[in-house]
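Engineer: I'd like to go over a predicted model; first the sequence, then the structure.
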Amino acid sequence: MVATSSDVVSQLRRGALEFCVLAMLVEEERYAFDIVRSLSELDGMVTAEGTLYPLLSRLHKDGRVSTTWKDSDAGPPRKYYAITAAGRQALAEFTNEWRRFRDAVESLLAKGTT
Amino acid sequence: MTVPVRHPEVDQYLRALDDAVRPLPRRERDELVMQVTEHIHAALPPQPTGADVRNVLDGLGSPADIAAAAGVKARTVRRGAREAFALVLLVTGLPPLIGWVVGLGLLLWSPLWSARQKLLGALVWPGGWFFAFVFGLLLPTGAGSTISCVSSAGQFAASCTTTHSGPPAWMPALIVAALFLAPIFVAAYLWREAGRRSATYELAATP
């Protein structure tokens, strides 16, 4: 069976999402709700916010992020996520691969539409 | 501390999530449910309306989606022997007492019915036909009428003689018919609902 474009896009999104989360943590550490909300504000990035929590746990288990509890001004303490050295390395590798892939696809699609 | 939002739909959602992630290790499961709970509390305004709650829950995605993201393979639960036995035992109530109690256990065990449907199944009628039958025998038929029954202990066969002088004869007949027909209708409804629910579970198995 030939995949529809929405299947392909959702596969791509699923694969790229964890690296997007890592990229969000490069500048500063953030807490889960903040990460989830920022991602879902980007059009087409997240369809079910709840699925990001298992993703954060997986990143933590794989050592790509570390967590620390911090008190917040209002409400209970928050768990902050920070990118680790392993996370930065994984992100750098993905960024390279992604750009190569994107350029190749772009050049082919450009031929197809002219 | 934030004031925990108590809302029936939120409670229902969190219970469904807890249920969906049951196969995960205890710690992982508790953490995930806690994070989603905090998300809901953080996302809702202090006095949430029904629409606020739905928007937040819709944004989260279904418990099955979250469970799938956590690596839980969706269970496929189909309507089967458990559901059939549950309904037959609940309807007939046979053998006396035990039958209905076992039927109730199966009803509660099956994931294919909602809490409300389980309550319905339990309440129409406690004891099933057997109790309906006993109740039918004891029906007051109004002043001036007497029922005398002879029944042998431990059996539900009994012979009764009724002397009428009060209410119309169709009254007890109607009540007895309701007592016997209601469980049939309820069982038919629950059987259909279980079938529908198993289909939903199957869809969830192929994301």
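Structural biologist: On my side now, so go ahead.
Engineer: what are the buried residues along the longest helix along chain A?
Structural biologist: Taking DSSP state H as the criterion, chain A has its longest helix at helix A:85-113. Buried residues in helix A:85-113, counted by 16 or more other Cβ atoms under 10 Å in any protein chain shown: A:Gly87, A:Ala90, A:Leu91, A:Phe94. Just so you know, the C-beta spots here come from the backbone N, C-alpha and C atoms, and that holds for glycine as well.
Engineer: need these in TSV (columns: distance to B:Ile98).
Structural biologist: Listed next are the buried residues of helix A:85-113 as TSV, based on distance: Cβ to Cβ, whole Å:
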residue	distance to B:Ile98
A:Gly87	60
A:Ala90	60
A:Leu91	63
A:Phe94	62
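Engineer: could I get those as TSV with pLDDT?
Structural biologist: Output for those, formatted as TSV (pLDDT from 0 to 100):
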residue	pLDDT
A:Gly87	96
A:Ala90	97
A:Leu91	97
A:Phe94	97
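Engineer: which one of those residues is nearest to B:Phe131?
Structural biologist: A:Gly87 (64.4 Å; Cβ to Cβ).
Engineer: pretty sure the closest one contacts A:Ala23?
Structural biologist: No: applying Cβ atoms under 8 Å, one finds A:Gly87 not in contact with A:Ala23, separated by 9.9 Å.
Engineer: before we move on, which element is residue 14 in?
Structural biologist: In the absence of a named chain, this looks at chain A. If you go by DSSP states H and E, A:Arg14 is part of helix A:5-24.
Engineer: look at chain B instead
Structural biologist: Per DSSP H and E: helix B:8-20 holds B:Leu14.
Engineer: tell me what that helix is packed against?
Structural biologist: Counting contacts by 3 or more Cβ pairs under 8 Å, 6 or more residues apart in numbering or on different chains; DSSP states H and E, helix B:8-20 is packed against helix B:26-43, helix B:50-60, helix B:63-69.
Engineer: identify each buried residue in that helix, please.
Structural biologist: Buried positions in helix B:8-20, judged by neighbour count with 16+ other Cβ under 10 Å: B:Val10, B:Tyr13, B:Leu14, B:Leu17, B:Asp18, B:Ala20.
Engineer: next one: phi and psi at A:Asp43?
Structural biologist: The phi/psi pair for A:Asp43 (degrees, to the nearest 10) reads phi -60, psi 130.
Engineer: hang on, the earlier thing: the helix holding B:Leu14 vs helix B:50-60, what angle?
Structural biologist: With axes from the mean of the first three to the mean of the last three Cα atoms, to 10 degrees defining the directions, helix B:8-20 sits at 20 degrees from helix B:50-60.
Engineer: contacting residues around helix B:8-20?
Structural biologist: A:50, B:29, B:32-33, B:36-37, B:40, B:50, B:53-54, B:57, B:60, B:63-64, B:66-67, B:72, B:111 (Cβ atoms under 8 Å, 6 or more residues apart in numbering or on different chains).
Engineer: same deal with stretch A:88-102?
Structural biologist: Against stretch A:88-102 from outside (Cβ under 8 Å, 6+ apart): A:Ala16, A:Phe19, A:Leu22, A:Ala23, A:Val26, A:Arg64, A:Ile83.
Engineer: show me what contacts the residue nearest to the last one when sequence neighbours are not counted?
Structural biologist: In this case it means A:Ile83. In this structure, A:Ile83 finds its nearest non-sequential neighbour in A:Leu25, 4.1 Å apart by Cβ to Cβ, 6 or more residues apart in numbering or on different chains. Taking Cβ under 8 Å, 6+ apart as the criterion, A:Leu25 is in contact with A:Ile35, A:Val65, A:Tyr81, A:Ala82, A:Ile83, A:Gly87.
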